[in-house]
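test case, fold it:
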Amino acid sequence: MSHRRIRKWIRGCLLSVMAVCLILMARSYYVSSEQEIQQSVLQERMRQERTEEGAVIPDTVAVPSGASSSVVSQEPVVLSKYASLYKENSDLAGWLTIPGMVIDYPVMQCGDDEYYLHRDFDKKKSKYGCLYVRGRADVNTPGTNVIIYGHNMKDGKMFGDLDLYEQKSFFRKHPKIRFDTLYEERTYEILAVFRSRVYDTDDNVFKYYQFYEAETEKEFDEFYKNIKKLSLYDTGVEAEFGDTFITLSTCAYHIKDGRFVVVAKRVTE
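Next up, the predicted model:
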């Protein structure tokens, strides 16, 4: 083969590689833009709803014959700002907001723990997925801990910038986060920030992702002691038996199967 043909062949290969790269970049940009548009719409709806107060008026509750209406329990009432979204997708479990981050997203829950790993709010396939909690967690009448999972996206979306909490200076400016359920507004203080990993089943180590309920004070203390020991810095926030938490968990790359974790304690304002 002549040098001219070799150069022509190389040029053709390079052009083909460039074309493939451009197609992949365009596809990635389209997917990112599509996800951003959807989340922007959801967030704008929330901004509008947050300007209004009150809740959805519940249906009339029938009073059993001979019973006083004062002793009849009613079903929980969905907060008005989440009512329309809940009608669109009844898998909506709550909403997570962290000041200073892009994190201002719905939190989902359904029978399949892996469903929203690769599905958006409209249940369409998406590499971004949604923030979600596993079926074991009861966000409405919570146990000791509710774990919220989300992808660590390279473009910063979902839990892509959660690791800003690695910086104590960022924590000092944003020590509180908001996680509302469908029925209740809740505020949490950052308790611990640490790196961890998913361990093998037979590894005899602390596994934060297995902790949901402290039946005894000893179980509570074991969890509390370990997250405080792992924390990258002292947040100055303390907890005691009876307190409840949310744990935010996403992938990290400091080690195989690494995780970056933020634990926050619920506070009453």
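
for the rest of this, base every contact and every neighbour count on C-alpha atoms.
Will do.

mind jotting down where the strands sit in this protein?
For the chain, strands defined by DSSP state E occupy the ranges 92-97, 104-108, 131-132, 145-149, 176-181, 187-197, 245-252, 258-267.

residue ranges in the stretch 101-250 of the chain under the pLDDT threshold?
Counting by pLDDT under 70, the stretch 101-250 of the chain contains low-confidence ranges at 142.

how about a cut-off of 80?
Filtered on pLDDT under 80, the stretch 101-250 of the chain yields the residue ranges 141-142.

who wins for proximity to residue 157 among the strands of the chain?
Evaluated over these, closeness to residue 157 peaks at strand 104-108, with 9.9 Å, by C-alpha to C-alpha.

pairing partners for that closest one, with directions?
strand 92-97 (antiparallel), strand 131-132 (parallel) (DSSP bridges).

burial-wise, tell me which of these comes out on top.
Mean neighbour count (mean count of other C-alpha atoms under 10 Å) peaks for strand 131-132 among the strands paired with strand 104-108, with a mean of 26.

dump the strands of the chain to a markdown table, plus distance to residue 170.
Output for the strands of the chain, formatted as a markdown table (distance: least, C-alpha to C-alpha, whole Å):
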| stretch | distance to residue 170 |
| --- | --- |
| strand 92-97 | 15 |
| strand 104-108 | 17 |
| strand 131-132 | 22 |
| strand 145-149 | 21 |
| strand 176-181 | 11 |
| strand 187-197 | 11 |
| strand 245-252 | 16 |
| strand 258-267 | 13 |
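
closest to residue 166 out of those strands?
Closest of the strands of the chain to residue 166 is strand 187-197, at 7.0 Å (criterion: C-alpha to C-alpha).

quickly run through the sheet partners of the closest one, with directions.
With DSSP bridges as the test, strand 187-197 pairs up with strand 176-181 (antiparallel), strand 258-267 (antiparallel).

TSV for those strands, including mean neighbour count and distance to residue 114?
Putting these into TSV (neighbours: other C-alpha atoms under 10 Å; distance: least, C-alpha to C-alpha, whole Å) gives the following:
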stretch	mean neighbour count	distance to residue 114
strand 176-181	20	20
strand 258-267	21	17
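
compare those and give me the one nearest residue 107.
Using C-alpha to C-alpha, those put strand 176-181 closest to residue 107, at 8.9 Å.

now that closest one against strand 245-252, angle please.
Interaxial angle, strand 176-181 versus strand 245-252 (axes from the mean of the first three to the mean of the last three C-alpha atoms, to 10 degrees): 110 degrees.

starting at the chain centroid, how far to strand 176-181?
11 Å (C-alpha atoms, centre = their mean, to the nearest Å).
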